[in-house]
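Trainee: I need the structure of the sequence given here:
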Amino acid sequence: MFFKKLIVYQFNNDSTINNLNNEILTKLSFTPCGPLDSIKQGFVSVTDDDLLKLDIQGHSLLKVRTESKIIPSSVIKKKTSERIEHLEQQFGRKVTRSEKQTLKDEVIADLLSVAFTKDQYTYIWINHQDQFIAIETSSFKVAENILSLIRKELGQLSLTPLHTEKPVAPFFKGWVLNDSSPTNFFILNDAVLTDPLESNGKIKLIDENLTADEVKSYLNSGREIKSLSFSYQQRTVFTVNTELVFSKINYSSEMLDENCDISPDDKAKRIEADFYLVANELTKLINDFTRSLQ
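Mentor: I've put the predicted structure just below:
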C-alpha cells in the first residue's frame with residue numbers, strides 16, 4: 001500500500017505544478033548513472049507503461065527513481081592515504097593541501113567507475129482539489145531534492161510546507177495533559193519528549209501509557225512533545241511531529257482488503273485502485289488533523 005510517510009507542501013490554484021504533464025516528465029525521466037556519476041534521479045512509470053503520471057479523479061501519482069553509487073568513506077580515506085604516502089616517498093616531501101584534494105578526487109573518480117549502486121523509489125502525490133503535493137519521505141532534504149528535479153523544467157514553484165497559524169506543540173501537550181483527543185482521532189502510546197533548554201534532552205516513549213503521572217510530570221516541568229502517535233477513525237494509525245511530518249502510517253486490515261477483489265495479475269488496475277483509496281483516506285486525515293490545530 002502507498003505512503004508510509006509524507007511531507008506535504010501546499011500550493012495555490014495558479015501554481016505551475018498543475019502544468020506537470022507527461023511531456024515535461026519525459027524530459028525528466030530516469031537515466032542510469034554513468035561511470036563518473038555518483039547519483040542520478042528521474043521519473044519512471046508508476047504502472048510500467050509509457051505514462052509517467054497516473055491521474056484519477058483529482059489526484060495524480062508520480063514515481064521517482066534515485067540511483068546512487070555506494071562508496072564507503074573509510075575506503076576513500078584509506079585509498080587517499082595510500083596515494084599520499086606514495087607521492088611523499090616519491091618526491092621526498094609533504095604533499096600540499098591542494099595536492100591532497102586532487103588525490104582524493106582521483107580516488108573518488110576511480111572508485112565511481114567500479115562502485116555498486118543502490119536504488120530508491122519515492123512516490124509523489126498531487127491533490128489538485130485540496131491543493132497540496134505530498135512526497136513519500138520524512139526527510140525535508142529528500143523532499144527538496146525531488147522538488148528541485150521538478151523545478152528544472154517548471155522553474156519557480158510556489159510551495160509552502162504544510163503549516164497552521166498556531167504552533168503545534170501546545171496542542172500536543174494539552175491533549176496529553178487533559179487526557180483528550182481531537183475529533184476523529186485517538187492518541188496512542190508512542191511519543192517523543194524534548195527539553196527546549198537541552199539539545200540532547202530527548203525521551204522516546206514507545207508503547208507507554210501517556211496518561212501516567214510520570215509523563216505528566218515531565219510535561220509540567222517544561223518538556224514539550226515533539227511527536228505523537230494517533231489512530232484515525234480506527235482505519236489508520238500514524239505518527240506526526242510538530243513540523244507536521246507524517247510517518248509510520250499503517251492502514252487497518254479492513255481498509256487493506258477493500259480492493260482484494262481485483263486480480264493480482266491486473267497490476268495497473270490494482271495500483272490505480274489502491275492509490276485512489278489511500279489518497280481519499282489521507283486527504284480526510286490531513287484535513288481533519290489540521291482543522292484540529294485551529
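Trainee: Nearest residue to the middle of the protein?
Mentor: Thr137 (1.0 Å; Cα atoms, centre = their mean).
Trainee: Would you check that that residue makes contact with Lys5?
Mentor: Yes - taking contacts as Cβ atoms under 8 Å, Thr137 lies within contact range of Lys5: 6.2 Å. From N, CA and C alone the C-beta is placed, and that goes for glycine too.
Trainee: Kindly provide the distance from the residue nearest to the centre of the chain to Val192.
Mentor: As for Thr137, its distance to Val192 is 19 Å (criterion: Cβ to Cβ, to the nearest Å).
Trainee: Looking at the protein, which helix is longest?
Mentor: Ranked by residue count under DSSP state H, the longest helix found in the chain is helix 267-291.
Trainee: Counting by contacts, list what that helix packs against.
Mentor: Using 3 or more Cβ pairs under 8 Å, 6 or more residues apart in numbering; DSSP states H and E as the contact criterion, the neighbours of helix 267-291 among helices and strands are strand 54-56, strand 59-70, strand 116-127, strand 224-232, strand 236-241, strand 246-251.
Trainee: Mean confidence (pLDDT) on that helix, please.
Mentor: Average pLDDT, helix 267-291: 95.
Trainee: mind checking how far it is from the chain centre?
Mentor: Here the centre of mass of C-alpha atoms in helix 267-291, compared against the chain's by Cα atoms, centre = their mean, to the nearest Å, lies 17 Å away.
Trainee: cool, stretch 216-234 as well?
Mentor: For stretch 216-234, the distance between its averaged C-alpha position and the chain's averaged C-alpha position is 22 Å (Cα atoms, centre = their mean).
Trainee: Stretch 286-294 now?
Mentor: In terms of Cα atoms, centre = their mean, the centre of stretch 286-294 is set 20 Å apart from its chain centre.
Trainee: just stretch 8-27 next, same as before
Mentor: Counting by Cα atoms, centre = their mean, stretch 8-27 comes out at 19 Å from the chain centroid.
Trainee: again with stretch 80-95
Mentor: Between the centre of stretch 80-95 and the centre of its chain there are 43 Å (Cα atoms, centre = their mean).
Trainee: Also stretch 73-89?
Mentor: From the chain centre to the centre of stretch 73-89 is a distance of 36 Å (Cα atoms, centre = their mean).
Trainee: For it, buried residues please.
Mentor: With burial defined by 16 or more other Cβ atoms under 10 Å, the residues of stretch 73-89 counted as buried are 79-80, 83-84, 87.
Trainee: How about stretch 205-223?
Mentor: Within stretch 205-223, the residues that qualify as buried are 205, 210, 215-216, 218-219, 223, counting by 16+ other Cβ under 10 Å.
Trainee: what would the helices and strands packed on helix 267-291 look like in a markdown table with mean neighbour count and distance to Gln41?
Mentor: A markdown table is the format used below for the helices and strands packed on helix 267-291 (neighbours: other Cβ atoms under 10 Å; distance: least, Cβ to Cβ, whole Å):
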| stretch | mean neighbour count | distance to Gln41 |
| --- | --- | --- |
| strand 54-56 | 15 | 19 |
| strand 59-70 | 19 | 5 |
| strand 116-127 | 16 | 9 |
| strand 224-232 | 21 | 28 |
| strand 236-241 | 20 | 26 |
| strand 246-251 | 18 | 22 |
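Trainee: Ok, which of the ones you listed comes nearest Asn18?
Mentor: Nearest to Asn18 among the helices and strands packed on helix 267-291 is strand 116-127 (8.3 Å), distances taken as Cβ to Cβ.
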